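Engineer: coords please:
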Amino acid sequence: MRSRFNINNYSNLGQRAITAFIGALVVVLGSIYSDWTYFLIFAVILGFSQMEFYKLSGLDGMLPLKSFGTFLGLMIFTLTFLIEKEQFRHEYLYLMFPLVSLTFFIKLYRKTDKKPFTGVAYTYLGIFYVAVPFSLLNLAVFSVDQVYHFEILIGCLLILWASDTGAYFAGTKFGKTKLFERVSPKKSWEGFLGGAFSAIAVAFVLARYFKVIDDWKWLVISGIIIIAGTYGDLIESLFKRSIEIKDSGQILPGHGGFMDRFDGLLLSAPFITAFLKIF
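Structural biologist: A predicted model of the protein is given here:
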């Protein structure tokens, strides 16, 4: 009888590899195909990531506005995309201020909330921690001549993935010196250096083939991702440790949740966008 494919039959490393390959294929091909497919893919990633954040906050006794907060996050992402695409004027971004303020009105009528302002705070935190970094990617990919350049996004992702992969294998094989034991006992300096080497190597390759930005900028971006990406991973580990869980979700076999997979991007994106816009 013909056996059915079941990813759970594979080891954790096998699950990580299969999920990473399929996910990377979808993200890369979708981003290359058009700016609209990029928009749809990252809107989905943003939505799942923000819902995960609110779900985890709920486990810690917080009561953020999950659906409304995610809606606001998607609105910010959509507005920044359309503005950068020059289909909306920049003034439309001011719509977010009254929309975000509606959080207070909704909480005012929630009779079951014992600490409504804590819920408001975590609703806003989900927006700034998850939605804003993803929205800043729109500014990054349109940063050259206000034209969508998938090379910037794909390049950043390849560097990030190389850093993660290099850190994983170097840490597994050589890891002895703890990087930040209080927050993440498994992370090591050896893993960090392995990830840094992989990221810089990929940056050199990108500088040769992706000429949309200057060569030196790829090296700076790799430095940003090495440092900010590592801190992004540590910050999410701190968040998960505070509520005593291992993974942010179970939707991605071998990786956990969307936040587990994109935590490095959440902290890197603001620095990358600022760098590309200033220079």
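Engineer: Please make it C-alpha for all contacts and neighbour counts, starting now.
Structural biologist: Fine.
Engineer: Break down the protein into its helices, ranges please.
Structural biologist: Residue ranges of the helices in the chain, as given by DSSP state H, are 12-33, 35-59, 66-84, 96-108, 116-126, 132-141, 150-174, 189-209, 215-242, 258-278.
Engineer: Now tabulate the ones you listed in a markdown table and tack on mean neighbour count.
Structural biologist: Putting the helices of the chain into a markdown table (neighbours: other CA atoms under 10 Å) gives the following:
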| stretch | mean neighbour count |
| --- | --- |
| helix 12-33 | 15 |
| helix 35-59 | 19 |
| helix 66-84 | 20 |
| helix 96-108 | 13 |
| helix 116-126 | 20 |
| helix 132-141 | 23 |
| helix 150-174 | 21 |
| helix 189-209 | 20 |
| helix 215-242 | 20 |
| helix 258-278 | 20 |
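Engineer: looking at the ones you listed, which is closest to V183?
Structural biologist: helix 215-242 (5.5 Å; CA to CA).
Engineer: Next, the angle helix 189-209 makes with that closest one.
Structural biologist: 150 degrees (axes from the mean of the first three to the mean of the last three CA atoms, to 10 degrees).
Engineer: name the helices or strands packed onto helix 215-242?
Structural biologist: Applying 3 or more CA pairs under 8 Å, 6 or more residues apart in numbering; DSSP states H and E, we find helix 215-242 packed against helix 150-174, strand 184-188, helix 189-209, helix 258-278.
Engineer: Repeat the analysis, applying 6 Å as the threshold.
Structural biologist: Here helix 215-242 touches helix 189-209, helix 258-278, going by 3 or more CA pairs under 6 Å, 6 or more residues apart in numbering; DSSP states H and E.
Engineer: Show me what the mean pLDDT comes to for it.
Structural biologist: Per-residue pLDDT over helix 215-242 has a mean of 92.
Engineer: Helix or strand with the lowest mean pLDDT in the chain?
Structural biologist: Within the chain, no helix or strand scores below helix 12-33, which has a mean of 84 by mean pLDDT, DSSP states H and E.
Engineer: Quick check, pLDDT for C156.
Structural biologist: Note on C156: pLDDT of 96.
Engineer: quick one: it and K211, what's the gap?
Structural biologist: 14 Å (CA to CA, to the nearest Å).
Engineer: and the least confident helix or strand of the chain, C-alpha only, in CSV?
Structural biologist: Coordinates of each C-alpha in helix 12-33 appear next as CSV, following Å, rounded to 0.1, in the frame of the first residue of the first chain:
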residue,chain,number,x,y,z
ASN,A,12,13.6,17.6,14.2
LEU,A,13,16.4,18.5,11.8
GLY,A,14,14.6,16.8,8.9
GLN,A,15,11.4,18.8,9.8
ARG,A,16,13.4,22.0,10.0
ALA,A,17,15.0,21.4,6.6
ILE,A,18,11.7,20.5,4.8
THR,A,19,9.8,23.4,6.3
ALA,A,20,12.6,25.9,5.6
PHE,A,21,12.9,24.7,2.0
ILE,A,22,9.2,25.0,1.3
GLY,A,23,8.8,28.3,3.2
ALA,A,24,11.9,29.8,1.5
LEU,A,25,10.6,28.7,-1.9
VAL,A,26,7.2,30.3,-1.4
VAL,A,27,8.7,33.6,-0.1
VAL,A,28,11.5,33.9,-2.7
LEU,A,29,9.4,33.0,-5.7
GLY,A,30,6.5,35.1,-4.5
SER,A,31,8.7,38.1,-3.9
ILE,A,32,10.4,37.8,-7.3
TYR,A,33,7.1,37.3,-9.2
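Engineer: where in the stretch 151-279 of the chain is pLDDT low?
Structural biologist: Applying pLDDT under 70 to the stretch 151-279 of the chain picks out residues 246-256.
Engineer: at 80 instead, please
Structural biologist: By pLDDT under 80, the low-scoring segments of the stretch 151-279 of the chain are 242-257.
Engineer: can you state the direction angle for the least confident helix or strand of the chain and helix 35-59?
Structural biologist: 140 degrees.
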